[in-house]
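Colleague: quick one, fold the following:
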Amino acid sequence: MQKWIMAVLFFGACAFGIVMLTVSAVTDKPEKEQEAKGPSMPSVTLDQAAAEAIYKQSCVACHGNQLEGKVGPNLQKVGTKLTNEQLYKLVLNGKGGMPAFKSSLKEEEVANLALWLAQHK
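Modeller: Model prediction:
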């Protein structure tokens, strides 16, 4: 009789665990998707002079005066490879050897820079 009780408790606990894992996976999914996407790009109007100033201040050392690339990659045709949103997230969060600029630039400045870079096709 004790074996039946133990078996029922064991399988009940397993079923409860599976249900909890399923519920947890379903409720965490939107949060994880949002984290993977990162912050969305704020809506800004392109200010070319400001974007060029930010580029000269923060990017020219690695990407060169003419976007030709030095330590960092060539950006002369980056607009054909990456979207505004992708450029925004890349500048904001960094990647590989590129530092993140989320602590040194405002989100609007990064968005403006991303729009400016996206025009280079």
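Colleague: just give me the neighbour total for F101.
Modeller: 20 (other C-beta atoms under 10 Å). The C-beta positions use only the backbone N, C-alpha and C, and glycine is treated the same way.
Colleague: tell me how many other residues crowd F10.
Modeller: 10.
Colleague: ok, now L115?
Modeller: L115: 20 neighbours (other C-beta under 10 Å).
Colleague: now it: which helix or strand?
Modeller: helix 107-118 (DSSP states H and E).
Colleague: could you do Q57 as well?
Modeller: Assigned by DSSP H and E, Q57 falls in helix 48-58.
Colleague: which strands and helices lie in contact with that helix?
Modeller: Counting contacts by 3 or more C-beta pairs under 8 Å, 6 or more residues apart in numbering; DSSP states H and E, helix 48-58 is packed against helix 107-118.
Colleague: pull the distance from stretch 64-75 to the chain's centre.
Modeller: 22 Å (C-alpha atoms, centre = their mean, to the nearest Å).
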